[in-house]
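>>> sequence first, predicted coordinates after that:
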Amino acid sequence: MQHVEAQADEALQAPLLAGRYAACTCIGKGGTSSVYVVFDHLHSRWYAAKVLHGDAAEDPETLTRFAREAAVMSRISHPNVVRLVEMDLSFHPPFLVMDFLDAGSIGRWSRRHGPMPPAMMRRAVLDLCYGLTAIHALGAVHRDIKPGNLLLGRDSRAHIADFGIVALNGNDPLKVAGTVVGTLAYMAPEQRLETGQIDRRSDLFSVGATMVALLQGSPVPDASRLTATSPQLANLPPELRAIILTCCAFDPKDRYNDVDELIVALKALGVPPVPPAAPKLVPTLPPLPEEPPDLLTRDQAAGLATLRADMAGGSQRPASLPPVVLFSDVPGATGPRAARRWLWIVLAVVPLAAIGFAIAAALGIWIGVQL
């Protein structure tokens with residue numbers, strides 16, 4: 001995986017997450033978590049895992065935010081949103097497992113190649129907008145839309161990532177007096193204000209700021225100050241300039257009402273084709289290795305052999321391993337696992353109720369005889 005940008009690695013307290021995911025390379029580090037490329041030794045597949053740092057793993061507020069991130073991701077199934085595979089908050093350190101998109105981010109492309117051709121930008125931003133339709137349909141606001149959070153698949157499709165500061169149904173538990181959350185250059189004015197009320201139009205502002213950053217190769221400090229005569233927009237087609245200015249209006253009422261309106265405007269936009277000499281959004285990449293170097297200890301390898309044998313025998317998970325919460329078990333999710341859970345509840349309650357009725361009837365008969 002030489003094409004993957006690795007960062008300074010750090011030792012995980014448990015290099016084999018949940019008994020099966022081997023952390024191989026650190027590809028991103030934040031204030032409370034790191035992202036690793038991991039190999040699932042059970043199914044021989046590559047994934048990405050977001051792992052909380054040691055101190056953050058003990059903080060209740062951070063764990064709550066981590067659980068909220070997983071809960072929102074688990075309820076979204078869309079080709080332009082990174083898919084959650086598994087999560088475990090009881091494991092130490094807590095982690096989320098997601099699909100691994102090894103073509104990098106649109107932000108990385110911009111840093112390497114500078115200004116993006118308008119036609120390429122429109123394609124990437126349309127992918128972003130399609131993903132936002134699913135996020136906003138939940139009543140969620142992403143709050144951190146930017147080029148670095150748009151990950152690319154090998155098919156050049158963009159995927160929205162990083163739901164760490166998502167707000168759901170207007171609930172903003174991360175708001176603390178005197179602080180703001182998000183990336184300043186892409187934040188809507190109301191998101192910068194302590195008392196500001198955010199909604200889906202706040203994300204649309206970030207989309208507009210993202211378009212400017214991609215077209216000129218770097219973000220502007222405050223996109224709400226852009227005008228039709230701003231030098232950053234001077235060389236753009238008038239229709240594209242109008243779209244950006246509408247997204248980045250200071251007052252949310254002056255922006256598009258929802259992402260569907262923005263999609264219609266982008267589809268109607270006439271832009272010249274991508275120049276043949278322009279760098280590809282995703283170059284041809286070498287195949288991922290079938291398996292990583294031998295990173296497992298003898299005990300870990302033995303544990304994996306037991307796990308495979310138990311899975312082959314029909315057992316879902318050996319009792320000796322830490323419990324793993326699959327995404328269908330997150331509150332609000334549905335699926336076969338949730339259905340099985342209700343089935344077991346019904347099977348347990350019905351016999352108990354029958355026993356209760358039988359005891360009550362017997363007591364009634366005995367009391368009648370005594371009288």
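Arrived safely, thanks for sending. Numbers count the residues shown, from 1 in each chain.

>>> shaky segments in this structure?
1-15, 170-179, 194-196, 293-297, 299-301, 303-371 (pLDDT under 70).

>>> can I see the domain layout of it?
As assigned by automatic domain parsing, the chain contains the domains 16-102+288-312, 106-267, 336-370.

>>> can you tell which of those is closest to Pro275?
Closest to Pro275 of the domains of the chain, according to Cβ to Cβ: domain 106-267, at 6.2 Å. The way it works is simple: take the backbone N, C-alpha and C, and place the C-beta from them, glycine included.

>>> ends of that closest one, how far apart?
End-to-end distance for domain 106-267: 20 Å, by Cα to Cα, to the nearest Å.

>>> cool, stretch 75-95 as well?
End to end - Cα to Cα - stretch 75-95 spans 18 Å.

>>> quick one: distance of it to the chain centre.
Offset of stretch 75-95 from its chain centre (Cα atoms, centre = their mean, to the nearest Å): 7 Å.

>>> which residues in the chain form strands?
16-17, 21-29, 33-40, 45-52, 84-88, 95-99, 140-141, 150-152, 158-160, 167-168, 325-326 (DSSP state E).

>>> out of these, which is closest to Met187?
Of all the strands of the chain, strand 140-141 sits nearest to Met187, with 11.7 Å by Cβ to Cβ.

>>> the closest one pairs with which strands?
The strands beside strand 140-141 in its sheet (DSSP bridges) come out as strand 167-168 (antiparallel).

>>> please compute how far the partner strand lies from its chain's middle.
13 Å.

>>> ok, back up a step: export the domains of the chain to TSV and tack on mean neighbour count?
TSV is the format used below for these (neighbours: other Cβ atoms under 10 Å):
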stretch	mean neighbour count
domain 16-102+288-312	18
domain 106-267	19
domain 336-370	10
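
>>> can you redo the ones you listed as JSON lines with distance to Ala277?
Formatted as JSON lines, the domains of the chain follow (distance: least, Cβ to Cβ, whole Å):
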{"stretch": "domain 16-102+288-312", "distance to Ala277": "25"}
{"stretch": "domain 106-267", "distance to Ala277": "10"}
{"stretch": "domain 336-370", "distance to Ala277": "50"}
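
>>> can I get the strands of the chain in JSON lines including distance to Lys267?
Listed next are those as JSON lines, based on distance: least, Cβ to Cβ, whole Å:
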{"stretch": "strand 16-17", "distance to Lys267": "42"}
{"stretch": "strand 21-29", "distance to Lys267": "33"}
{"stretch": "strand 33-40", "distance to Lys267": "33"}
{"stretch": "strand 45-52", "distance to Lys267": "31"}
{"stretch": "strand 84-88", "distance to Lys267": "29"}
{"stretch": "strand 95-99", "distance to Lys267": "27"}
{"stretch": "strand 140-141", "distance to Lys267": "24"}
{"stretch": "strand 150-152", "distance to Lys267": "19"}
{"stretch": "strand 158-160", "distance to Lys267": "16"}
{"stretch": "strand 167-168", "distance to Lys267": "28"}
{"stretch": "strand 325-326", "distance to Lys267": "37"}
